[in-house]
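> Sequence first, then the predicted structure:
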Amino acid sequence: MRRTAIGICLLALTCPLSSLGPDAAARPSVTGIFSDMYYSAEGGDVVGTEVFIMYTNQGYYATFQMAEGVPSVPALVQVSVDGVNVSFSVPEAQGGGMFRGHVTARALVGTLEEGRDPLNLKRGKSYWQ
């Protein structure tokens, strides 16, 4: 009896989580700071995009800031979340358009409509820290 119990435990420990179903493996959190913003010493400009997704008592929200030489005023936007997929509307003052993408353990990856280049914003510290 004891050998059977040990065998079952060993089998359970060697079974990959993915075989237990899609919810068994840990999904990356959609909340966090995602940025590719940097200072260009050559031109003296700040360039890039930063998104800080957070959870509130009214759902998910993000601050969104772009910089093309000079950082714009950050905008607070409501975020739609479906698993690791996120979308939100970027205000006209920030260039406008709809952002659609997904969160990984290391980045927020997606595109802004209006023909812009894809964004790959690394998860980590804010440019402002």
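Yep, it's here. Residues are numbered from 1 along each chain as shown.
> how about N120, what does it touch?
36, 107-109 (C-beta atoms under 8 Å, 6 or more residues apart in numbering). C-betas here are computed from N, CA, C, even on glycine.
> What of V73?
65, 93.
> do you know how far G44 is from V103?
From G44 over to V103 the distance is 32 Å, taken as C-beta to C-beta, to the nearest Å.
> higher neighbour count, these two?
Shown here are G44 and V103; by other C-beta atoms under 10 Å, V103 has more neighbours (25 against 8).
> That one reaches G83, doesn't it?
No: contact criterion C-beta atoms under 8 Å: V103 and G83 do not qualify, at 9.2 Å.
> what's around A75, how many residues?
By other C-beta under 10 Å, neighbour count at A75 equals 17.
> can you pull up the bridge partners for it?
Using DSSP bridges, the bridge partners assigned to A75 are F64.
> Stretch 85-105: which residues count as buried?
By 16 or more other C-beta atoms under 10 Å, the buried positions in stretch 85-105 come out as 86, 88-90, 94, 97, 99, 101-103.
> can you check stretch 63-70 too?
64-67.
> got a list of contacts for that stretch?
37, 43, 45-52, 71-77, 88, 90-91, 94-95, 99.
> same deal with stretch 26-43?
45-55, 60, 65, 67, 69, 71, 79, 81, 83-84, 86, 103-105, 107-108, 119-127.
> Let me see the ranges of the helices in this protein.
2-14 (DSSP state H).
> Show me the shaky parts of it.
Along the chain, segments meeting pLDDT under 70 span 1-25, 114-115.
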